[in-house]
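[1] attaching a predicted model along with its sequence, questions to come.
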Amino acid sequence: MSILPWRHVRMVFALLVAVALAGCASLPGAYPGGYGGDPYGYPDRGYGAQAVGGTVQAFDPSSGRIVLATEGSAYGGYGASLEVWIDRDTRLFYQGREHDVRGLERGDRVRVEVVDDGRRLWARTIEVTQNVRDGGGTYGGGSGGAFEAAVRYVDPSRRLIEVTRGGYSGRVEQVWYDERTRFDYRGQPVSPSQLESGDLVRIDARPSGNGWLATYVTVTVDARSR
């Protein structure tokens, strides 16, 4: 049995290492940020990430299911309904800041980076491009629209309702009303003085000074029944 000189052994070893490295570089997902070492915790599913834009039609935080009306994508044309799922690693951003994904609401316009495991589309990141509570969603633009809020305080003598928006902003708003403003609960008219702190309401309004002038206020959830 012949023995290779040491320099030949080193050359063979170097060649084997180079072949092994070349094989690793060709594996699916073996790139920075890929599924082999994904920062969001997704397993190696062998599928590439794609961006989907649309408007949230429904969101169930308990199941993690989001239904989008898409703006056209590989998964459907404009207005098509698309199911996207979140898990504990899904991250949501609004105006450059990270927020709790549970703040997502119907009417928000979003851009979602998804991965396909062959059965479901999983959201890696969700960027809210228009927040419905700021009047930029499907309910209308800056000249008026509708938003949802919680009643904080009612002053009938001033015809003023102070409300707190949820979602991403969480800010306090002043909503004024007049004799033409309609109020109802479960289809029945109510008096503004019947509103209570904690009631959830949907308000159709237009900007007025530093607040809003309401044309229609409907109580969606009575504080006493919560």
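    Sure thing, it's come through.
[2] tell me what Trp176 is bridged to.
    Leu160, Leu213 (DSSP bridges).
[3] I'd say it and Leu160 touch.
    Yes. Trp176 lies in contact with Leu160 (CB atoms under 8 Å); the separation is 5.8 Å. For every residue, glycine as well, the C-beta is placed using N, CA and C.
[4] what's the domain layout of this structure?
    Taking automatic domain parsing as the criterion, the chain consists of the domains 50-130, 145-225.
[5] may I see these organised as a markdown table, with mean pLDDT and mean neighbour count added?
    Formatted as a markdown table, these follow (pLDDT from 0 to 100; neighbours: other CB atoms under 10 Å):
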| stretch | mean pLDDT | mean neighbour count |
| --- | --- | --- |
| domain 50-130 | 87 | 17 |
| domain 145-225 | 87 | 16 |
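[6] what about the strands in this structure?
    Using DSSP state E, the strands assigned to the chain run over residues 50-60, 65-73, 76-85, 91-94, 97-99, 109-116, 121-130, 145-155, 160-164, 172-176, 182-185, 188-189, 200-208, 211-221.
[7] which elements pack onto the fifth one?
    For strand 97-99, the contact count by 3 or more CB pairs under 8 Å, 6 or more residues apart in numbering; DSSP states H and E identifies strand 91-94 as packing neighbours.
[8] what packs against the strand it packs on?
    Looks like strand 91-94 contacts strand 97-99, strand 121-130 (3+ CB pairs under 8 Å, 6+ apart).
[9] can you state the direction angle for the last one and strand 50-60?
    Pointing back at strand 121-130 there. Angle, strand 121-130 to strand 50-60, by axes from the mean of the first three to the mean of the last three CA atoms, to 10 degrees: 90 degrees.
[10] elements contacting strand 121-130?
    Short answer (3+ CB pairs under 8 Å, 6+ apart): strand 121-130 packs on strand 76-85, strand 91-94, strand 109-116.
[11] give me the angle between the longest one and strand 109-116.
    Meaning strand 76-85. Going by the same axes, to 10 degrees, strand 76-85 makes 70 degrees with strand 109-116.
[12] what lies in contact with strand 76-85?
    52, 54, 57, 64-73, 75, 112, 114, 120-123 (CB atoms under 8 Å, 6 or more residues apart in numbering).
[13] Ile203 bridge partners, please.
    Going by DSSP bridges, Ile203 forms beta bridges with Phe147, Val217.
[14] show me what contacts it?
    Neighbouring residues of Ile203 by CB under 8 Å, 6+ apart: 146-149, 163, 175, 212, 214, 216-217.
[15] could you dump the residues you listed into JSON lines with distance to Ile86 added?
    Listed next are the contacts of Ile203 as JSON lines, based on distance: CB to CB, whole Å:
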{"residue": "Ala146", "distance to Ile86": "26"}
{"residue": "Phe147", "distance to Ile86": "24"}
{"residue": "Glu148", "distance to Ile86": "21"}
{"residue": "Ala149", "distance to Ile86": "25"}
{"residue": "Val163", "distance to Ile86": "28"}
{"residue": "Val175", "distance to Ile86": "32"}
{"residue": "Trp212", "distance to Ile86": "32"}
{"residue": "Ala214", "distance to Ile86": "34"}
{"residue": "Tyr216", "distance to Ile86": "33"}
{"residue": "Val217", "distance to Ile86": "32"}
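[16] now, which of those residues sits nearest Leu104?
    Glu148 (13.2 Å; CB to CB).
[17] wait, the closest one touches Thr220, no?
    Yes. Contact criterion CB under 8 Å: Glu148 and Thr220 qualify, at 7.1 Å.
[18] now do the shared contacts for these two.
    In contact with both Glu148 and Thr220: 200-202, using CB under 8 Å, 6+ apart.
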